[in-house]
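*Asks:* Just the structure for this:
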Amino acid sequence: MARNLFSRTMATLMRRSQTVQYTSEGAVTISYPTLLSSPLSLSTSIGPIEEEAFGSHAKSLGIIIVRDLPPSYVLQREKLLSLAYKFANLDESVREKYTDPASHYSYVLDVLKGSYYANPIVEAPTVSDAEQAAYPEYYGRNMWPKGDQEGVEGFEDAFKALGKFVFKVGCDLATACQPFALAHLSDTSMSLPKLISTSQTTKARLLHYFPPAPGAALPSDDEPIDSWCGFHLDHSLLTGLCSAMYLQEARGSEPTIISPPSPASGLYIRTRGGDLTKVSIPSDSLAFQTGEALEIATGGKLRATPHCVRVGTTQNAEKISRETFALFMQPNTDQHLSASQTFGQFSKKVFQEHYERST
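*Replies:* Below you'll find the model as predicted:
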């Protein structure tokens, strides 16, 4: 009997080791085929791991990396991130057609930040007129470049294809995390996968980080850690992140995809315990981070982690851009996160604080 128990225990540990792994920086990584075929069984095997990834553990980075994605994802990612570069380099008069001050630039290009926002899941929200008017950041209509817009042909299709895939993986992950999250949610009637899958507020952000301007000081060894994007928290439930793609410009030809230009380049996360950790996302994987909405919904038991992006010291920095894609998965604006605050009310406060800092 003891031998059989030992054999069963070893088999369980072997299955778990195959399903759950760690990156060299200590981030938890799980297999997509297992997540896809049996998310609830995955949640049983990784409960303690979820605590380390998303919970109050001092080493928690608030992130899980999903590996073993289908080859089609790699192609979708490369196609859209290449279009991010091309869109950012369109003539300004063309880009300006797709700005929307009424939504605080939450839709389409924010020229200062090189961002293009849209909802790849819901094209035309069906909420009331009053709700639409109160929250244009979430319920405005998408504004896509024309299908034959020179230089960015196929932009809408590529944006939606990648966004819908990231969304699907996020919903599968939310299902696997539900038993773990349920133990922490202030309102135990909440369903994390339902909040995400039925929401009309999903927002994707396609980012283009411009190279340093001609004549600007180039990155140095003592540059601030948050030199490319300052420390911040996402205000979603979960945020799906693609691996960044770096492009090096070449005169008279298309930019070339290159490796990260510096070992210091990339995403940095501050752990629950306060340590600063660089986290690399493989190009064939997705990462999912916890946001402030989940922190509020769990009464602070699951916390969002501050993160930033660093340029890193490199030669030819003035010719290198960074392209990436983030999908913010969050509830509808009328969903209560706590007894006294809806997601819409919380978002208004976040947007107000952001724009006060920006002016």
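*Asks:* Which positions within the helix ranked longest in the chain qualify as buried?
*Replies:* Criterion DSSP state H: the longest helix present in the chain is helix 155-182. Using 16 or more other C-beta atoms under 10 Å as the test for burial, helix 155-182 gives 155-156, 158-167, 169-178, 180-181. Where you see a C-beta, it was placed from the backbone N, CA and C, and this is true even at glycine.
*Asks:* ditto for stretch 147-157
*Replies:* Neighbour counts over stretch 147-157 (16+ other C-beta under 10 Å) mark Gln149, Val152, Phe155, Glu156 as buried.
*Asks:* With stretch 20-39 instead?
*Replies:* Val20, Thr23, Ala27, Val28, Thr29, Ile30, Ser31, Tyr32, Thr34, Leu35, Leu36, Pro39.
*Asks:* One more: stretch 266-273?
*Replies:* Gly266, Leu267, Tyr268, Ile269, Arg270, Thr271, Arg272.
*Asks:* Nearest to Ser186 among those residues?
*Replies:* Arg272 (19.3 Å; C-beta to C-beta).
*Asks:* from what I can see that closest one touches Ser60, true?
*Replies:* Yes - using C-beta atoms under 8 Å, Arg272 is in contact with Ser60, at 4.6 Å.
*Asks:* circling back to that earlier point, distance to Ser236 and pLDDT for the buried residues of stretch 147-157 - can I get that in TSV?
*Replies:* Below are the buried residues of stretch 147-157 laid out as TSV (distance: C-beta to C-beta, whole Å; pLDDT from 0 to 100):
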residue	distance to Ser236	pLDDT
Gln149	29	90
Val152	27	94
Phe155	24	96
Glu156	23	96
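*Asks:* mind giving me CSV with those residues and columns for distance to Phe328?
*Replies:* What follows is the buried residues of stretch 147-157, written out as CSV (distance: C-beta to C-beta, whole Å):
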residue, distance to Phe328
Gln149, 25
Val152, 23
Phe155, 20
Glu156, 19
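*Asks:* Toward the C-terminus, what is the element adjacent to the lengthiest strand in the chain?
*Replies:* Assignment by DSSP state E gives strand 320-329 as the longest strand of the chain. Sequence-wise, the next helix or strand downstream of strand 320-329 (DSSP states H and E) is strand 336-338.
*Asks:* which other residues reach whatever helix or strand comes next after that next one?
*Replies:* Remark: after strand 336-338, the chain's next helix or strand is strand 341-342, criterion DSSP H and E. If you take C-beta atoms under 8 Å, 6 or more residues apart in numbering as the criterion, strand 341-342 is touched by Ile296, Thr333, Asp334, Gln335, His336.
*Asks:* Distance from strand 341-342 to the middle of the chain?
*Replies:* 23 Å (C-alpha atoms, centre = their mean, to the nearest Å).
*Asks:* Pairing partners for that strand, with directions?
*Replies:* Next to strand 341-342 in the sheet, as set by DSSP bridges, lie strand 336-338 (antiparallel).
*Asks:* The partner strand: which residues count as buried?
*Replies:* Judged by neighbour count using 16+ other C-beta under 10 Å, the buried positions of strand 336-338 are His336, Leu337.
*Asks:* tell me the mean pLDDT for that strand?
*Replies:* Across strand 336-338, pLDDT averages out at 94.
*Asks:* Spell out the residue ranges of the helices in the stretch 51-200 of the chain.
*Replies:* 71-88, 92-95, 129-134, 136-139, 155-182, 192-197 (DSSP state H, counting those that start in this stretch).
*Asks:* out of the contacts of strand 341-342, who's nearest Gln132?
*Replies:* Nearest to Gln132 among the contacts of strand 341-342, with distances taken as C-beta to C-beta, is Thr333, at 9.8 Å.
*Asks:* Next, find the distance separating the nearest residue to that closest one once chain neighbours are set aside from Ile320.
*Replies:* Nearest non-adjacent residue to Thr333, counting by C-beta to C-beta, 6 or more residues apart in numbering: Gly344, 3.0 Å away. For Gly344, the distance to Ile320 equals 39 Å [C-beta to C-beta, to the nearest Å].
*Asks:* Show me which of those two is the more surrounded one.
*Replies:* It is Ile320, of Gly344 and Ile320, that has more neighbours when counted by other C-beta atoms under 10 Å, with 23 against 20.
*Asks:* Brilliant, that's me finished.
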